[in-house]
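Q: mind looking at a prediction? Sequence and model below.
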Amino acid sequence: MAQNIFEVLPNDLIGEILSHISHVELLVTFSRVCKYWQRICYELIWDYYEKSILQLTNLNPKLQFADLDQFLHSKQGRKFIRYLLRKGVYDFACKLAKISSVSEDIRSCSIKEKWVDVELSVLKECFKRFSDLTDQPMIPPPKPVQKVDESNSSSRGFFSGALSFIGSMFAKNPASSSSTTISNSTNSIPETKVTAESKPRPEYDFLTKVVLDGDYASGKTSLFNCAMNEIPVNASRNHHIPTIGVDFGIKNFQFGDTTKIKMQLWDQSGPERYSRVSLSFYRNASVVLLLIDPSNNFASESMKEKAETIKKHASKAEVILISTKKDKKEKRIISNKQADKFAYDNFESLHLDITNTKLEEPKNIIWYCALLKYLLSP
Ligand SMILES: Nc1nc2c(ncn2[C@@H]2O[C@H](COP(=O)(O)OP(=O)(O)O)[C@@H](O)[C@H]2O)c(=O)[nH]1
Ligand SMILES: [Mg+2]
């Protein structure tokens, strides 16, 4: 009966509904959506694949898969899912970075609204569903179970409640339709209190080590200063102070009510030249930020060399390729398209083009790293 309603909806209306849903959601809810919509979801996802990936990979655009499920289980499909998930998380990170608040000593940033928990639990489900794509080096400390009151999830946020809405259409019992820890039962309130009071919360739920890697003068220390100390580069001064020794900073993140992440951000110096020393930097790194200055003549060669080293010594780390100095007018030797392709081919991951002359993009990056830690951890 319910499916017939979907069947008779005009295509324009279906298109309007689906336009509010991200590609990640389309992908993950795809198999749950009623069969009348599968075709439209298929077309939207395939269209995105052609626009975003095929042009990077030079694959034959005529390559067609009989059905999306078959494609998603292929090697290319798995790579695409991995990429899509990361894109979705990065967009979400940008949004959180913008609305988060920072403590006076700028060591902690938080966003405590309940809808963040709800949206994160949806993303976490996506990562769990494709769990063979996740592999993080450090084991998180045990985490107290907390329940989230659904009444506050409202329509704000990245997923706009669309997933819950569609899920509830197909569930026998709407309250059980969500696969997350969401509960709107009245019993959940005392239960939350008991849990919270009887077990003191640990200082953090996950510890993540993020390493800045890349050539001399690629912008590592500048990104570090933006992210940790909120000091942007003054482009007119163009004064490079080489880093001496090792530096690392700590930043604490709190997402919603439930998750606290402690991040160590490592900046390196000598190892740019003494590569053997840098191997200890990679140990237990959850994320490697590989920076390049795309106007540097040697960036292309060193990017390839670095990629090999990272694959060898930090095989479990998530790698993000970052082009710095977006603000500079000089001719770039490495184009964004080349860098996108390099990141996709080598790390199945994102390439980000940033400037350290403003705080915004470095902040987005560390929020992204913090979110990834949470989402990739079992
Ligand atoms: N215009 C501009 N200059 C940058 C940017 N990032 C770094 N720099 C400059 O590039 C030089 C090297 O940066 P630094 O962070 O010390 O590089 P590191 O050796 O990799 O740590 C310094 O003069 C910085 O001011 C950027 O995004 N835009
Ligand atoms: Mg430096």
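A: That came through, no problem. Ligands and ions are numbered 1, 2, ... in the order given.

Q: low-confidence ranges in the stretch 201-350 of the chain?
A: For the stretch 201-350 of the chain, the stretches with pLDDT under 70 are 201, 235-246, 270-278.

Q: quick one: the strands in it, in order.
A: Secondary structure of the stretch 201-350 of the chain (DSSP state E, counting those that start in this stretch): strands at 206-214, 247-255, 259-267, 287-292, 318-323.

Q: as a markdown table, the ones you listed with distance to ligand 2 and mean neighbour count would be great.
A: (Each C-beta comes from the backbone N, C-alpha and C, glycine too.) Shown next, in a markdown table, are these (distance: least, C-beta to the ion, whole Å; neighbours: other C-beta atoms under 10 Å):
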| stretch | distance to ligand 2 | mean neighbour count |
| --- | --- | --- |
| strand 206-214 | 8 | 25 |
| strand 247-255 | 8 | 19 |
| strand 259-267 | 6 | 21 |
| strand 287-292 | 10 | 26 |
| strand 318-323 | 14 | 25 |
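
Q: what residues sit buried inside stretch 7-17?
A: residue 14 (16 or more other C-beta atoms under 10 Å).

Q: next: stretch 329-336.
A: 332, 334.

Q: can I get that stretch in PDB, CA atoms only?
A: The C-alpha coordinates for stretch 329-336 follow below in PDB (Å, rounded to 0.1, in the frame of the first residue of the first chain):
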ATOM      1  CA  LYS A 329      48.800  34.200  -8.300                       C
ATOM      2  CA  GLU A 330      51.900  32.400  -9.600                       C
ATOM      3  CA  LYS A 331      51.500  29.700 -12.200                       C
ATOM      4  CA  ARG A 332      50.900  26.400 -10.700                       C
ATOM      5  CA  ILE A 333      52.900  23.400 -11.900                       C
ATOM      6  CA  ILE A 334      50.400  21.000 -10.400                       C
ATOM      7  CA  SER A 335      46.800  21.700 -11.300                       C
ATOM      8  CA  ASN A 336      43.900  20.900  -9.000                       C
END
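
Q: give me the residues contacting it.
A: With contact meaning C-beta atoms under 8 Å, 6 or more residues apart in numbering, stretch 329-336 is reached by 292, 294, 295, 296, 297, 299, 300, 303, 323, 351, 353.

Q: give the buried subset of those residues as a ChimeraX selection command.
A: Here is the ChimeraX command that selects the buried residues among the contacts of stretch 329-336 (16+ other C-beta under 10 Å):
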select :292,294,295,296,299,303,323,351,353
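
Q: which ones among the contacts of stretch 329-336 map onto helices?
A: Mapping the contacts of stretch 329-336 onto helices (DSSP state H) picks out 299, 300, 303.

Q: return the distance of the last one relative to ligand 1.
A: As judged by C-beta to the nearest ligand atom, to the nearest Å, residue 303 and ligand 1 stand 14 Å apart.

Q: find the nearest non-adjacent residue to that residue, please.
A: residue 292 (5.5 Å; C-beta to C-beta, 6 or more residues apart in numbering).

Q: try the second one
A: If the residues on either side of it in the chain are set aside, residue 300 comes closest to residue 334, at 5.8 Å by C-beta to C-beta, 6+ apart.

Q: what's the answer for the first one, then?
A: Distances taken as C-beta to C-beta, 6+ apart put residue 292 closest to residue 299, at 4.6 Å, once the chain neighbours are dropped.

Q: swap in residue 351?
A: Using C-beta to C-beta, 6+ apart, the closest residue to residue 351 is residue 343 (3.8 Å).

Q: residues contacting the residue positioned nearest the centre of the chain?
A: When the chain is reduced to its mean C-alpha position, the nearest residue by C-alpha atoms, centre = their mean turns out to be residue 89, at 3.3 Å. Residue 89 is in contact with 123, 368, 371, 372, 375, counting by C-beta under 8 Å, 6+ apart.
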